[in-house]
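Chemist: Here you go, sequence then predicted model.
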Amino acid sequence: MTNTANQRFSSKLAFLLSVLGIAIGTGNIWRFPRIVAQNGSSEGAGAFIFAWIIFLFMWSIPLIIGEYALGRKFRLGLVGAFKHATEGKLTWMGAFMAFVATAITFFYSVIVGWCIYYFVYMIIAPLPINTESATMIWDNYQNSVWPLVTHAIALVVGCLAIWKGVSSIEKINKFLIPSLLIIILGCLVRALTLEGATDGIIYLFTPNWSQLGSPKIWIEALTQNAWDTGAGWGMFLTYAAYMNKKQGIVKNAFFTGIGNNTISLLSAMIIFGTVFAILSHEGGMSRTEVLNIVKTSGPASTGLTFIWMPQLFAKMFGGPVLAVLFFIGLTFAGFSSLIAQLELPTRIVIDFGVTRPKALFIVGAISYVLGIPSAINLDILTNQDFVWGVALLVSGVFFAIVLIIYGLDTIRNEENQFNNADWSINVFWKYILKIFIPVAGIILIIWFLADAAQVDQWYDPLESYSLMTCIVQWVFIISALVLLNKKINKKVA
């Protein structure tokens, strides 16, 4: 087996498609439309879209630039890069970020398993014609052994996809990303040809500017953008370890972020266009009733994607074919992100001196075992989605701190100069990392925790959404990693 740690992406296109695979995932298709609906007003959701785009440039792209810079500089995984960037003082922060991304992988692979199941089901069985039959399909699946099986399939396929390192990662993404784009564009064309679909598109982009006075809009916009793009997870840093020096960090950060947000908007146009056309135009439902369906997605956001979309496809011409395309697109999106999420901890284990096959076995086995609770209990999955989704804000703040310690001017003066064709890092970037991201991140973390303290069982760490469920899990992991900081420094490259 070759030393995959020393591999490089073979071309700019291979790298760009691979990092787009990080950003483009089920969060774009499965999560984004629901979050948009929940934060829209009766007039429209344009205000949320506006805030979400603001954070693309004020949070995600600046962090992605930093991830590319450190990854290419140190040629190590997240923990090793943090060790060298902070002279070992804050290695534990890299370990925490790695844990957050990996904890998300535990339940994310479960969701990819759902997509696999529904893709196969759409091929072999008729579409459900009402909510009762659609719910029965979902319940029968969840109450069987299949979630454990599909969870395993997702992890096995994901691990095989990165078995040979960069060479297999780029081959998979050269197939997945173009295929996904074709599927999304095909679904979009079909959705826009539905009579009444324009009502959904108009709603999506119509702003109610008074909403921007609500902190909740900004908080939801930032967390969704962090989830959407993968900024601050450490996955871009991991792929950047295999990045050629001639590949510009600034251009790629902009292309990655903007490409991701474009896919999210196209996905939302598909969902809103289809839902408004079928339920409002043909079904006679009011806008309020339609939006309630989009908002009320069931446990772990299952309702819209897995219960309502099959019904909607059943009501349109060519629906069975479109249903297959939709769920294979969702599956492809899931895998493009899953392989990056698996590569992150795998690369860290490799940095500890373990061979790639053994590292993959360790990561795959642990991910399967720790994902079992989410596979068999949606309340646990919802809890993990909340706890570690909010922890992405903590990760973003930690990463900004490490970049500041390493030297923002050092990055601007050294890491931005390998390729004259790259855009220069504007001085504004320095102040975003130094001031805005730490301040905004801390404010939003406090807001989330304060909101979680308002529930009746705020003190119960076993509640899906409570103050203590976050505090207990975060404090346990951070305390353990701080105590182990010296040992981690000794072990990692």
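Modeler: Structure received. Numbers count the residues shown, from 1 in each chain.
Chemist: quick check: mean pLDDT across stretch 425-433?
Modeler: For stretch 425-433, mean pLDDT rounds to 92.
Chemist: Would you mark the buried spots in that stretch?
Modeler: Counting neighbours by 16 or more other C-beta atoms under 10 Å, one finds that the buried residues in stretch 425-433 are Ile425, Trp429, Lys430, Ile432, Leu433. Where you see a C-beta, it was placed from the backbone N, CA and C, and this is true even at glycine.
Chemist: same check, this time on stretch 196-207
Modeler: In terms of neighbour count (16+ other C-beta under 10 Å), stretch 196-207 has its buried residues at Gly196, Ala197, Asp199, Gly200, Ile201, Tyr203, Leu204, Pro207.
Chemist: ditto for stretch 357-364
Modeler: Neighbour counts using 16+ other C-beta under 10 Å place Ala359, Leu360, Val363, Gly364 of stretch 357-364 among the buried residues.
Chemist: These in helices, which ones?
Modeler: Secondary structure defined by DSSP state H assigns Ala359, Leu360, Val363, Gly364 of the buried residues of stretch 357-364 to helices.
Chemist: The residues you listed into TSV, with extra columns for pLDDT and distance to Ile35?
Modeler: Converted to TSV, these look like this (pLDDT from 0 to 100; distance: C-beta to C-beta, whole Å):
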residue	pLDDT	distance to Ile35
Ala359	95	34
Leu360	95	33
Val363	96	29
Gly364	96	30
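Chemist: Worst mean pLDDT across the helices and strands of the protein, which element?
Modeler: helix 302 (a mean of 65; mean pLDDT, DSSP states H and E).
Chemist: Roughly how far does the most centrally placed residue in the chain sit from Ile123?
Modeler: Centroid-nearest residue in the chain, with C-alpha atoms, centre = their mean: Trp227, separated by 4.2 Å. As judged by C-beta to C-beta, to the nearest Å, Trp227 and Ile123 stand 29 Å apart.
Chemist: and the residue lying farthest from the centre of the chain, how far is that from Gly371?
Modeler: Distance to the chain centre peaks in the chain at Gly284, reaching 34.8 Å (criterion: C-alpha atoms, centre = their mean). Here the criterion is C-beta to C-beta. By it, Gly284 lies 42 Å from Gly371.
Chemist: re earlier: quick one: which of the buried residues of stretch 196-207 sit in helices?
Modeler: Ala197, Asp199, Gly200, Ile201, Tyr203, Leu204.
Chemist: Give me the contact list for stretch 138-155.
Modeler: With contacts defined as C-beta atoms under 8 Å, 6 or more residues apart in numbering, stretch 138-155 is touched by 109-110, 112-114, 116-117, 302, 306-307, 334-335, 338, 342, 364, 367-368, 371-372, 375-376, 378.
Chemist: Where helices are concerned, which of those count?
Modeler: Secondary structure from DSSP H places 109-110, 112-114, 116-117, 302, 334-335, 338, 342, 364, 367-368, 371-372, 375-376, 378 of the contacts of stretch 138-155 in helices.
Chemist: which stretches of the stretch 151-300 of the chain have low pLDDT?
Modeler: Along the stretch 151-300 of the chain, the model assigns pLDDT under 70 to residues 282, 296-300.
Chemist: Where do the strands of it begin and end?
Modeler: For the stretch 151-300 of the chain, applying DSSP state E, counting those that start in this stretch gives no strands.
Chemist: Going along the chain, name the helices of it.
Modeler: Assigned by DSSP state H, counting those that start in this stretch, the helices in the stretch 151-300 of the chain fall at 166-192, 197-205, 215-229, 235-240, 249-275, 287-295.
Chemist: and what of the stretch 301-450 of the chain?
Modeler: Secondary structure of the stretch 301-450 of the chain by DSSP H, counting those that start in this stretch: the helices cover 302, 309-314, 319-351, 356-376, 378-406, 408-410, 427-431, 437-452.
Chemist: okay if I get the ones you listed as JSON lines plus distance to Phe55?
Modeler: Output for the helices of the stretch 301-450 of the chain, formatted as JSON lines (distance: least, C-beta to C-beta, whole Å):
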{"stretch": "helix 302", "distance to Phe55": "26"}
{"stretch": "helix 309-314", "distance to Phe55": "27"}
{"stretch": "helix 319-351", "distance to Phe55": "19"}
{"stretch": "helix 356-376", "distance to Phe55": "27"}
{"stretch": "helix 378-406", "distance to Phe55": "11"}
{"stretch": "helix 408-410", "distance to Phe55": "20"}
{"stretch": "helix 427-431", "distance to Phe55": "15"}
{"stretch": "helix 437-452", "distance to Phe55": "9"}
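Chemist: what's the closest of these to Gly165?
Modeler: helix 356-376 (6.4 Å; C-beta to C-beta).
Chemist: returning to that earlier point: quick check, nearest of the buried residues of stretch 196-207 to Gly27?
Modeler: Nearest to Gly27 among these, with distances taken as C-beta to C-beta, is Leu204, at 17.3 Å.
Chemist: And for that closest one, nearest residue in space, chain neighbours not counted?
Modeler: Phe272 (4.9 Å; C-beta to C-beta, 6 or more residues apart in numbering).
Chemist: and what of Phe255?
Modeler: Distance criterion C-beta to C-beta, 6+ apart; nearest residue to Phe255, sequence neighbours excluded, is Leu16 at 6.2 Å.
Chemist: Repeat that for Ile172.
Modeler: Ala161 is the one closest to Ile172 (C-beta to C-beta, 6+ apart), at 4.7 Å.
Chemist: Please apply the same query to Leu265.
Modeler: Of all residues not flanking Leu265 in the chain, Ile49 sits nearest, at 7.6 Å (C-beta to C-beta, 6+ apart).
Chemist: Report pLDDT for that neighbour.
Modeler: Per-residue pLDDT puts Ile49 at 96.
Chemist: surely it meets Tyr203?
Modeler: No. Under the criterion of C-beta atoms under 8 Å, Ile49 is not in contact with Tyr203, lying 11.0 Å apart.
Chemist: What about Glu132, how many residues nearby?
Modeler: When neighbours are defined as other C-beta atoms under 10 Å, Glu132 has 8 of them.
Chemist: With Thr91 as the reference, measure out to the residue nearest to Leu265.
Modeler: 38 Å.
Chemist: Just the CA coordinates for stretch 376-385, please, in CSV.
Modeler: The C-alpha trace of stretch 376-385 is given here as CSV (Å, rounded to 0.1, in the frame of the first residue of the first chain):
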residue,chain,number,x,y,z
ILE,A,376,-32.8,2.7,16.2
ASN,A,377,-34.2,5.9,17.9
LEU,A,378,-35.1,9.1,16.1
ASP,A,379,-35.1,11.1,19.4
ILE,A,380,-31.4,10.2,19.9
LEU,A,381,-30.7,11.3,16.3
THR,A,382,-32.5,14.6,16.9
ASN,A,383,-30.5,15.1,20.1
GLN,A,384,-27.2,14.5,18.3
ASP,A,385,-28.2,16.7,15.4
